[in-house]
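1. I would like to see how this sequence folds:
(one chain, ligands or ions: 1)
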Amino acid sequence: MYSIAIDGPAGAGKSTIAKTIAKKLEFVYVDTGAMYRAMALYFLRNDIDASDEDAINEACKDIQVSITYEDGMQQVLLNGENVTGFIRTEEVGNMASKTSAYKTVRATLLDLQRDLAKTANILMDGRDIGTNVLPNADLKIYLTASSKVRAKRRYDELIEKGENADLEQIEEDIIIRDKQDMEREIAPLKKADDAILVDSSDMSIEQVVTVIVAAFEEIR
Ligand code: DC
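-> Numbers count the residues shown, from 1 in each chain. The predicted structure follows:
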């Protein structure tokens, strides 16, 4: 069984690229960010303050996260409810970035993530997959891009959807999120020593996919 870990900051294109590669290689794609988002949704719905660690710890006892697949697409269940449609907002993303710093939150998801890798060939993306969740992954990629490029991609996405967007504000938010994810104490975002660094700032999605698939073919 093979496992591929793709880590990197918000907006580097991880999920688009991971989905494409998983399809190509016929691997199961596991989006771990969605699991942190499901927990964040629970905290938001229950008015739990992100800075109140005791309350977060208590709440973790009442949270069960699991995943299933529908037409090959990952669905996240929060205490049995499919919350996939509710977790893609900025509010949930920011809450996930803050609350994923807590030990209890991370411990709630770690076994689930590790167990998934025992069941099939998987491609898992997140922040700490190569460093912490799957330290023995067969291939590790650290996918990044400059904050300017990531902000511009996000801006284009929003404009495309007909939403309002402020490029400078988006870049500021990205920089704050990077800082939170990289500077937390437990399992911070960082490149594993044995990960291949891919900077997608000046690359198309297809180019990134080609580079990663070629790296996998070399070790297969
Ligand atoms: O990839 P994403 O934007 O869906 O992730 C949301 C937040 O979840 C991210 O800011 C940090 C956290 N996260 C994490 O701490 N570890 C992971 N493996 C994946 C996500």
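
2. So for the residue nearest to residue 133 when sequence neighbours are not counted, what's the pLDDT?
-> Using Cβ to Cβ, 6 or more residues apart in numbering and skipping the chain neighbours, the partner closest in space to residue 133 is residue 113 (4.9 Å). Just so you know, the C-beta spots here come from the backbone N, C-alpha and C atoms, and that holds for glycine as well. As predicted, residue 113 sits at a pLDDT of 98.

3. Enumerate every residue touching residue 113.
-> Each residue near residue 113 by Cβ atoms under 8 Å, 6 or more residues apart in numbering is listed here: 30, 32, 35, 124, 126, 129, 133-134.

4. Please repeat the previous calculation with a cut-off of 7 Å.
-> 32, 124, 133 (Cβ atoms under 7 Å, 6 or more residues apart in numbering).

5. Now do the helix or strand where it lies: distance to the chain's middle.
-> Under the criterion of DSSP states H and E, residue 113 resides in helix 103-116. Chain-centre distance of helix 103-116: 14 Å, with Cα atoms, centre = their mean, to the nearest Å.

6. And stretch 84-104, by the same measure?
-> Worked out by Cα atoms, centre = their mean, stretch 84-104 lies 10 Å from the chain centre.

7. got the residues of the protein near the ligand?
-> 10, 32-33, 36-37, 93, 96-97, 100, 126-129, 177, 181 (Cβ under 6 Å from any ligand atom).

8. if you set the cut-off to 5 Å instead, what comes out?
-> 10, 32-33, 36, 96-97, 100, 126-128, 181 (Cβ under 5 Å from any ligand atom).

9. What are the boundaries of the helices in this protein?
-> 14-25, 32-45, 53-60, 90-99, 103-116, 147-160, 167-183, 205-219 (DSSP state H).

10. for the longest one, packing partners?
-> Packed against helix 167-183, as judged by 3 or more Cβ pairs under 7 Å, 6 or more residues apart in numbering; DSSP states H and E, are the following elements: helix 90-99, helix 147-160.

11. Tell me which residues touch residue 22, please.
-> 28-29, 123 are the contacts of residue 22 under Cβ under 7 Å, 6+ apart.

12. do residue 30 as well
-> Counted by Cβ under 7 Å, 6+ apart, residue 30 has contacts 74, 116, 122, 124.

13. Just confirm the last one contacts residue 5, I think it does.
-> Yes - at 5.8 Å, residue 124 and residue 5 qualify as touching, with contact defined as Cβ atoms under 7 Å.

14. between those two, what contacts are shared?
-> What both residue 124 and residue 5 touch, as defined by Cβ under 7 Å, 6+ apart, is the set residue 134.

15. tell me the phi and psi of residue 88?
-> Main-chain torsions, residue 88, degrees, to the nearest 10: phi -90, psi 20.

16. separation between the spatially closest residue to residue 93 that is not a sequence neighbour and residue 201?
-> Nearest residue to residue 93 in three dimensions, chain neighbours excluded: residue 37, at 6.7 Å (Cβ to Cβ, 6+ apart). Per Cβ to Cβ, to the nearest Å, residue 37 is found 26 Å from residue 201.

17. and the two? which has more neighbours close in?
-> residue 37 (27 against 12; other Cβ atoms under 10 Å).

18. Roughly how far does that one sit from residue 109?
-> 11 Å.

19. do the same with residue 74
-> Taking Cβ to Cβ, one finds residue 74 at 14 Å from residue 109.

20. about what we covered before: and the helices and strands packed on helix 167-183: which comes nearest residue 189?
-> helix 90-99 (10.1 Å; Cβ to Cβ).
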